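Colleague: Show me the folded form of this:
(one chain, ligands or ions: 1)
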Amino acid sequence: MRKSISTRSFFITTVFVILFIYACTKGGGGNNPPPNPCSGVTVSVSGTTTNPSAPGAANGSISVTASGGSGFTFSINGGAFQASGNFPNLGAGSYTITAKNGNGCTGSGSFTLTDPNPCAGVTITVTGTTVNPTMGSSNGSITASASGGAGGFTFSLNGGTFQASGAFNNLAAGSYTVTAKDANGCIGSNTFNLVAINPCAGVTITVTGTTVNPTAPGATNGSITASASGGAGGFTFNLNGGTFQASGTFSNLGAGNYTVTARDANGCTGTNSFTLTAPNPCAGITITVSNAVTNNTPCQAANGIITVTPGGGTGPYTFSLNGGGFQVSNTFSNLAPSTYSVAAKDANGCTGTNNATINNLPEGPLFAAVRTVLQNNCVSCHNNTISEGGMNWTVDCNIVQFKDRIKARAVDGNPSPMPPSGLMPASERQKITDWINAGGRFTD
Ligand code: HEC
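Modeller: Now for the predicted structure:
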């Protein structure tokens, strides 16, 4: 085990000795390495550039000088080193120029050559003519041309694809931007507004026509024959907003108001109204109204009656009183005294009127006799001023209304006689009895 350790120590020692000898030989026998000639040396490259004179031209150049040493050579973009710092025949681009001095120390600089802007100072002018579309159509167009720049123009509409022609067709109303591009890519643009043309502005379509009225009330054999003028011609016609047709004749029409519209080839329209009138079914017809009247009985609910007998027209008739609704019955009942306007209307709507007067029936003789009895025996205590027991016998209808009380008091003496001084003679009382037995009405 001891022997093993000793052997390894020997080996390590030998390796160090060999390394030491090698180091002394390589360093030229000294203890320090030789100085780096570029240490502390900065090689700088500066220069001027000349840009290419035209886009794509390779006549630009870079001319450089270097500092930080002497005996420089120069390389562009890692190429071969050359003595001159001038690099001609260059196109636009970025270049790295490296300078190397006599000691091999290097430095570099970056240079950029740019093409001139072909559009600087260039103005492309776009002009053009427009054709406006007709309203609702896409038949407008723009024909554009361009000037300025290098020529060789192409054109684009609203940022679309460039095309050789400056003509753009099938355009609807609207605002359009036409861009022109010359051979150098320089652009100019202009805006064109297309306005829809109303073909009917200032156009008047006049519709005239003749009518044939229906031959009978309710018949639909009338017609309208319309024609139109003005506008572009090529008219079509419709009736009351219906479908347009080539003919201006509309048949099978009944009485009424009709509107005929004519439309020309441009869609411009004009209208006219026509009235078809059926013959008057009442022409020459006189509806007669004769009224039979039953007069009213006073002092009770109105009971006048008018019974109408029409004539002169076509039945069935209906009847109206004082402008009220027409009714089927020819009798009007429960009428108070008055003068009434009675109308009769026949099946064709023909009417006639006549007045009917309902009067009150006259008083009857039995009533008149009773009134005389009361005037003579009772009114002194039963009048407008004194109305004993609430009774006023100067009003005829009071006599009728309270006849039962009159009989009770003045005929029967029940509960006590009237007049209070004693019952009237039997002949007077009999007049009351006779009237009541006859019905006790004003007319009895
Ligand atoms: C002198 C006055 C006087 C005379 C005349 C007279 N009355 Fe009267 N009458 C009265 C007085 C008072 C009353 C109320 C007291 C009563 O009902 O008895 C009355 C009440 C009545 C009443 C209402 C009471 C009921 O029973 O309905 C009737 C009806 C009436 N008299 C009928 C007659 C008649 C009919 C005559 C004539 C034939 C008549 N009177 C004459 C004084 C009079």
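
Colleague: Just the element for the residue positioned nearest the centre of the chain, please.
Modeller: The residue lying closest to the centre of the chain (C-alpha atoms, centre = their mean) is Gly136, at 18.5 Å. Under DSSP states H and E, no helix or strand contains Gly136.

Colleague: Just the helices from the protein, written as ranges.
Modeller: Using DSSP state H, the helices of the chain run over 2-26, 365-377, 396-401, 403-406, 426-437.

Colleague: mean pLDDT for those: which is lowest?
Modeller: Among the helices of the chain, helix 2-26 has the lowest mean pLDDT, at a mean of 42.

Colleague: beta partners of Ser44?
Modeller: Ser67 (DSSP bridges).

Colleague: cool, Thr288 as well?
Modeller: Gly311.

Colleague: For it, which residues are in contact?
Modeller: Pro310, Gly311, Gly312, Gly352, Asn354 (C-beta atoms under 8 Å, 6 or more residues apart in numbering). (C-beta placed from N, C-alpha, C; glycine too.)

Colleague: What's the separation between it and the ligand?
Modeller: Distance of Thr288 to the ligand, given as C-beta to the nearest ligand atom, to the nearest Å: 51 Å.

Colleague: Could you number the chain from 241 rather than 1 from now on?
Modeller: Fine by me, first position is 241 from now on; the one you just mentioned is Thr528.

Colleague: which bits of the stretch 541-684 of the chain sit near the ligand?
Modeller: 614, 617-618, 620-622, 628-629, 631, 642, 645-646, 649-650, 656, 658-660, 664 (C-beta under 6 Å from any ligand atom).

Colleague: Val362 and Gly389 touch, don't they?
Modeller: Yes: using C-beta atoms under 8 Å, Val362 is in contact with Gly389, at 4.9 Å.

Colleague: Who has more neighbours out of these two?
Modeller: Higher neighbour count among Val362 and Gly389: Gly389, with 22 against 15, using other C-beta atoms under 10 Å.

Colleague: For the closest residue to the more buried one other than its chain neighbours, give me its contacts.
Modeller: In space, and not counting its chain neighbours, Gly389 is closest to Asp422: 3.4 Å by C-beta to C-beta, 6 or more residues apart in numbering. Applying C-beta under 8 Å, 6+ apart, we find Asp422 in contact with Val362, Ile364, Ala386, Gly388, Gly389, Ala390, Gly391, Gly392, Phe393.

Colleague: Include pLDDT and distance to Ser513 when you put these into CSV, please.
Modeller: Below are those laid out as CSV (pLDDT from 0 to 100; distance: C-beta to C-beta, whole Å):
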residue, pLDDT, distance to Ser513
Val362, 93, 67
Ile364, 97, 60
Ala386, 98, 57
Gly388, 95, 62
Gly389, 91, 64
Ala390, 91, 68
Gly391, 93, 65
Gly392, 96, 65
Phe393, 98, 59
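
Colleague: Filter these down to the ones in strands?
Modeller: Counting by DSSP state E, the part of the contacts of Asp422 found in strands is Ala386.

Colleague: nearest to Asn372, of the contacts of Asp422?
Modeller: Distance to Asn372 across the contacts of Asp422 (C-beta to C-beta) is lowest for Ala386, with 22.0 Å.

Colleague: Is that closest one in contact with Thr419, as I believe?
Modeller: No: with contacts counted by C-beta under 8 Å, Ala386 stays clear of Thr419, the gap being 9.2 Å.

Colleague: can you put the contacts of Asp422 in JSON lines and add distance to Ile546?
Modeller: Formatted as JSON lines, the contacts of Asp422 follow (distance: C-beta to C-beta, whole Å):
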{"residue": "Val362", "distance to Ile546": "107"}
{"residue": "Ile364", "distance to Ile546": "101"}
{"residue": "Ala386", "distance to Ile546": "99"}
{"residue": "Gly388", "distance to Ile546": "104"}
{"residue": "Gly389", "distance to Ile546": "106"}
{"residue": "Ala390", "distance to Ile546": "110"}
{"residue": "Gly391", "distance to Ile546": "107"}
{"residue": "Gly392", "distance to Ile546": "107"}
{"residue": "Phe393", "distance to Ile546": "101"}
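
Colleague: May I ask which helix or strand of this protein has the lowest mean pLDDT?
Modeller: The weakest-scoring helix or strand in the chain, judged by mean pLDDT, DSSP states H and E, is helix 242-266 (a mean of 42).

Colleague: thinking again about what came up before, now do the contacts for the residue nearest to the centre of the chain.
Modeller: Ala436 are the contacts of Gly376 under C-beta under 8 Å, 6+ apart.

Colleague: again, only using 6 Å
Modeller: By C-beta atoms under 6 Å, 6 or more residues apart in numbering, the contact list for Gly376 is empty.

Colleague: Phi first, then psi, for it.
Modeller: Backbone torsions for Gly376, taken as degrees, to the nearest 10, come to phi 80, psi 0.

Colleague: Show the model's pLDDT score for it.
Modeller: Looking at Gly376, its pLDDT reads 84.

Colleague: before we move on, what about the one 5 residues further on?
Modeller: Looking at Ser381, its pLDDT stands at 98.

Colleague: I'd assumed Val371 was in contact with it.
Modeller: Yes: contact criterion C-beta atoms under 6 Å: Ser381 and Val371 qualify, at 4.6 Å.

Colleague: Give me the more crowded residue out of those two.
Modeller: Ser381 (18 against 13).

Colleague: check contacts around the more buried one.
Modeller: Val371, Asn409, Leu411.

Colleague: what sits against the residue of the stretch 441-590 of the chain found nearest the ligand?
Modeller: The ligand sits closest to Cys539 of the stretch 441-590 of the chain, with a gap of 16.5 Å, by C-beta to the nearest ligand atom. Cys539 is in contact with Cys637, Val640, Phe682, counting by C-beta under 6 Å, 6+ apart.
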